[in-house]
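Asks: Turn this into a model:
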Amino acid sequence: MNATPAGSEQEERAELEELRRLLPAGPVERQVLPPGRRSHHKDVLMQLIDRDHDHGRNNADSAVRPRPRLPRPALVAGSVAVAVALAAGLTVGIGAGRGDGGAAARPGASSTAGGGGSRGAVVTLDRIAAVALRTDVEPVGDGQFVYVRSRGAGNEGVFDGPVDLGKMHERQVWFSQRQGPVIDVGLIREYGQDWPIEIGVPDGTDPKDAAVPAGLDRPTYAWLASLPTDPDALLKLLYAGTRVEQGEDKDQEVFDRIGDLVGEQIMPSATAAAFYKATARIPGVTEVADAVDAVGRHGIAIAREDTRHGTRTEWIFDPGTLDYLGVRTVFSRDTERAKAGTVYNTSAVLERGVVDKSGQEPGERRRAGRG
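Replies: Numbering: from 1, shown residues only. Below is the predicted model of the structure:
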């Protein structure tokens, strides 16, 4: 007979179940990556494919019983769709369920030493949170779209080879705010083309069954507004909903998830403030006195180093107003791929707003309203 956990352990399990209840259920969700994370996830994807291929070849050459396939990100059907997804900036949710083989760190627990960010980072994040809390934010309706225009560049070098920063270019993205399960998530306008953001529907599957609701990998204003504004509770929810591959840094992944949300979403002021305060509790978070975004604007940065890859991700804020400017990832040490200080990817937010339909720009909405 299994023993029943007592005391704090039983309470912790109950708390984890409550956190899981708050997270969306259903099929794997797709997430649109800003340029700041696309190159990294492309590298991880290729590593997983190579690793899986090697295991399959070894199994074929041996007489032992084949081992189970390694956990891999779910991909939209077909190699062409995978290539389109990478080009358009799409990635997939991390695991279709709870038992996906990812790191099993306790939600809210650190996978690195230390109890939170540096003193300087904590102070600066508290100031940023205070500014966010004072900012008036107009609620976004269920049928509307969050619009973000940015300028940036990412690594276009060969896989696992020397870094080659691509040409600086503009990117526009529209995110559907519908709460219910959807297939059409939004639109990306990049490299002179429009790329629909859609959920991949496996062959033989009813599209209604493949549709996904709002959640951590498909955030909407209403979903963000439903999150706890207590930083500790919010951080536990993020850790509970974040899965990583073996050897990856879970603290870094949570830091990056928060960066995606504050960088390319619109949320209530109290939610934004809670995200910044939660970030201050992530081990390894530091402050950088001077960082430059993709359009040359200088600012202070909240950063975290991914020691496994030798890179540092920096969220850049205006030193006077503390408004969010953009994000970049630089090499924090010399590696075979690049020297310390080399920019891996960079992105600057130029405009953020709310529109009534996909493909519409905020100026067009204002003109339509006056008409």
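Asks: Do a quick rundown of the helices in the stretch 201-350 of the chain.
Replies: Per DSSP state H, counting those that start in this stretch, the stretch 201-350 of the chain carries helices over the ranges 207-210, 221-225, 231-240, 250-264, 269-279.
Asks: Figure out which of the ones you listed is closest to residue 125.
Replies: helix 269-279 (4.9 Å; CB to CB). Glycine gets a C-beta too; all of them are placed from N, C-alpha and C.
Asks: okay, the closest one in CSV with CA atoms only?
Replies: Listed in CSV are the C-alpha atoms of helix 269-279, where the atom choice follows Å, rounded to 0.1, in the frame of the first residue of the first chain:
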residue,chain,number,x,y,z
SER,A,269,-0.4,46.7,-15.6
ALA,A,270,-0.6,44.6,-12.5
THR,A,271,0.3,41.5,-14.5
ALA,A,272,3.3,43.2,-16.1
ALA,A,273,4.5,44.3,-12.6
ALA,A,274,4.1,40.8,-11.3
PHE,A,275,6.2,39.4,-14.1
TYR,A,276,9.1,41.8,-13.4
LYS,A,277,8.9,41.1,-9.7
ALA,A,278,8.9,37.3,-10.4
THR,A,279,11.9,37.7,-12.6
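Asks: can you list contacts of it?
Replies: Contacts with helix 269-279, where a contact means CB atoms under 8 Å, 6 or more residues apart in numbering, come from 117, 125-126, 128-130, 132-137, 224-225, 227-232, 234-235, 238, 255, 258, 261-262, 267, 285, 302.
Asks: Give the rounded mean pLDDT of it.
Replies: Averaged across helix 269-279, pLDDT comes to 98.
Asks: now do stretch 149-162
Replies: Stretch 149-162 comes out at a mean pLDDT of 94.
Asks: Now that stretch - C-alpha only, PDB.
Replies: Extracted in PDB, the C-alpha atoms of stretch 149-162 (Å, rounded to 0.1, in the frame of the first residue of the first chain):
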ATOM      1  CA  ARG A 149       6.300  45.900 -35.100                       C
ATOM      2  CA  SER A 150      10.000  45.300 -34.500                       C
ATOM      3  CA  ARG A 151      13.300  45.500 -36.200                       C
ATOM      4  CA  GLY A 152      16.000  42.900 -35.700                       C
ATOM      5  CA  ALA A 153      18.400  40.200 -37.000                       C
ATOM      6  CA  GLY A 154      19.300  36.700 -36.000                       C
ATOM      7  CA  ASN A 155      22.000  34.200 -36.600                       C
ATOM      8  CA  GLU A 156      21.900  32.800 -40.100                       C
ATOM      9  CA  GLY A 157      25.100  30.700 -39.900                       C
ATOM     10  CA  VAL A 158      25.200  27.000 -40.500                       C
ATOM     11  CA  PHE A 159      24.000  24.700 -37.700                       C
ATOM     12  CA  ASP A 160      26.600  24.500 -34.900                       C
ATOM     13  CA  GLY A 161      29.000  26.600 -37.000                       C
ATOM     14  CA  PRO A 162      30.400  30.200 -36.700                       C
END
